[in-house]
Structures are given as C-alpha cells and as structure tokens.
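# How does the following fold in three dimensions:
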Amino acid sequence: SLVDAAIAAVARRLRPAFRRVRRERYQCGGRCYDIAAFQHRRTGLILHLIPGGEGLMGSAPEPPSGELVRGSDDERPRHEVRLPPFLIGERPVSQAIWLAHPLPAPKSSTRSTLRLARDWLLGEDGPEEPARPKIHFEGPELPMHGLSWRLAQRWVSGLGDGLRLPTETEWEYACRAGSSALFFWGDELDDGWLWYRANSEFRVRPAELHRSRARWNDFGLVDMSGNVSEWCSDEWFPSHADAPSIAVPRRGSGSELGVQRGGAWTSDAGECRSAARWFGRRRYLTNGAGVRAVASLAGFEPRLERST
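Alright, predicted model coming up:
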C-alpha cells in the first residue's frame, strides 16, 4: 500500500541510527491513524512517525465560559500551522534512559561569587546552571523530571542522530493529532486520560499505565496531557501573534524564559489542555518538567520563505 511504501522509505532514511519496530492503528477522538514506531538504537527511545499536514494551534477567540475552557491571551490568536512529517517520542523520557546516558560535567564558571550574586540580584543572570535534575520520585520507569530547559536541551542534543527538543508548533500538532477540542480526546474533562492535581496524589506515574489502558492520542502518544510538563525549544512570547506557521523554534524575544507544555501531576485541569502554555526560566530547575525527544526527517525539514 501507499502507506507501507512511505514508511519503508522513511525507514531507509533513518538507518542505521533507528530501526522500525512496529506499526499500529490508533483511535481516540473519532479519527484513526496508522502510525509506525522507530527505536533509537543507542538509547532505546521509541519515537512515532507523525504524518505531515495542517492543523490548528492555540485557543479559539471566543471560547465557552468557565474556568476550564477559558484559556488565556497567550494562547491566541488561533492559527493554522503546516508541518512536514517528523518523529516524536511515544512518551516522556524515562529515568532509566536518562541515567544510562549521563550529561558531561558542566564547565566551571570563571565569574567570582560576588559577581554571580550581583548578577542574580539585578536579574541580569540566574545562578549557575545546576549539574543534575532535582528528582522528587525515583524509579526507572518513571518520567525524568525536575529539569531545567538547559539540562533538557543539552541532554537531548547530546544524544546525536538529530535528536532535539520539539518546537512548540510540533508539540501542539502532535498533542492534538488532528483534534481542535480542548483535550486530544474531546472537550470534556476525563480523569482516565491524564494525571493532574485532582487524581495524581501529587506524584508522577509511569507512562506505561496509560499505554497499557490504550489512553493514547490518535498518533499513539501517551501522557501528552498531565504527568510531567515538557520543555520546548522556543523562547517564550506572550502570545501567538506573528508566530511561524511551520515547525521552526521561535526566537528573538530577548528573554531568558522558555516554554513548557502539557501540564504536570501538580497542574490544574485547565493547564493540561492542548493549547495551554506557560513559561519557566531556562536555567532554573522546574519540579514537574520533563522532556520528550523529537527528530526531523532528512529532506523534510521546514524552511522559512524568503520575503521579497
């Protein structure tokens, strides 16, 4: 079939760094996709091949009333995005995989203690980058958490083979999986689909719990809502105004803030909506923040059109 031929062509491009492990049909919100999964040979990470296409990003201009669905101005304007196919992790990176591939020790700073304190007090710079995450709940199958943006970025890019953080556009496109609803499963809150403040008992859970219960989205991805939030590669902007419609990271804000998506075990339900976004200082550890790896496909990378 055409789908088989396309997957086979992708598999050839991904060798030898990745190997194809399965193809499954996923259905969640009324849609249905055949999704191929590939394993990164060196780390064991499983990534799903996300079909390219168009979709909506952001919240509607006049959403229904109520705290859960209201959204905020930083999620607007809603706009169409266009993405090529790409790979994204089936689940957040686990502690077992993270710890099996430790980061190299950061270089020591040449700044004096007095200068560090001065810069921090003036807000010109943060404290020195932490050398390791602040893990609150230990377990090999639990998602890695307590990450700063810089730790997440250094770790993923250090794996090589084109692995990186997702752009914010890629993240929301993958989360929605074709849905324009509040959550990838629909507009109604359902505790069976996510771990958040009301049902998590304030602890992180293994991603396998939702996969084993078929609580995935239409692209076969688990825990896109709740459990751990996920760092994106973009700098923080207070709205989607002038946001790119393709999968390139947004830069140029001059801010030290990075973007987190998805919500965590400590989040309210509204913070776990597909459009919800918030920020964190990129060098600070964030308790509920994890990471999900992404890789572009050679020959399909998005390019910004030149203005004339």
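# Count the residues that sit near G186.
By other C-beta atoms under 10 Å, 14 other residues sit near G186. From N, CA and C alone the C-beta is placed, and that goes for glycine too.
# secondary structure element for V259?
Here V259 sits within strand 257-261, counting by DSSP states H and E.
# Who are the packing partners of the helix or strand following that strand?
Next in sequence after strand 257-261, counting helices and strands by DSSP H and E, comes strand 277-281. When contacts are defined as 3 or more C-beta pairs under 8 Å, 6 or more residues apart in numbering; DSSP states H and E, strand 277-281 sits against strand 257-261.
# Off-centre distance for the strand it packs on?
Centroid separation for strand 257-261 versus its chain: 10 Å, with C-alpha atoms, centre = their mean, to the nearest Å.
# With stretch 183-193 instead?
18 Å.
# Could you check the angle the strand holding V259 makes with strand 277-281?
If you take axes from the mean of the first three to the mean of the last three C-alpha atoms, to 10 degrees, strand 257-261 sits at 140 degrees to strand 277-281.
# who does strand 257-261 pair up with?
Using DSSP bridges, the strands paired with strand 257-261 are strand 229-235 (antiparallel), strand 277-281 (antiparallel).
# And for the first one, what's in contact with it?
What it means is strand 229-235. 92, 147, 149, 152-153, 164-168, 171, 249-253, 255, 257-264, 267, 286, 288-292 (C-beta atoms under 8 Å, 6 or more residues apart in numbering).
# how about a cut-off of 6 Å?
Identification of contacts with strand 229-235 by C-beta atoms under 6 Å, 6 or more residues apart in numbering yields 149, 152, 165-168, 171, 249-251, 253, 255, 259-264, 288-292.
# before we move on, back to that, show me what counts as buried in the strand holding V259.
Neighbour-count burial for strand 257-261, counted by 16 or more other C-beta atoms under 10 Å, picks out L257, G258, V259, Q260, R261.
# related to what we said a few turns ago, okay if I get the strands paired with strand 257-261 as a markdown table plus distance to Y196, mean pLDDT and mean neighbour count?
Converted to a markdown table, those look like this (distance: least, C-beta to C-beta, whole Å; pLDDT from 0 to 100; neighbours: other C-beta atoms under 10 Å):
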| stretch | distance to Y196 | mean pLDDT | mean neighbour count |
| --- | --- | --- | --- |
| strand 229-235 | 11 | 97 | 26 |
| strand 277-281 | 14 | 95 | 19 |
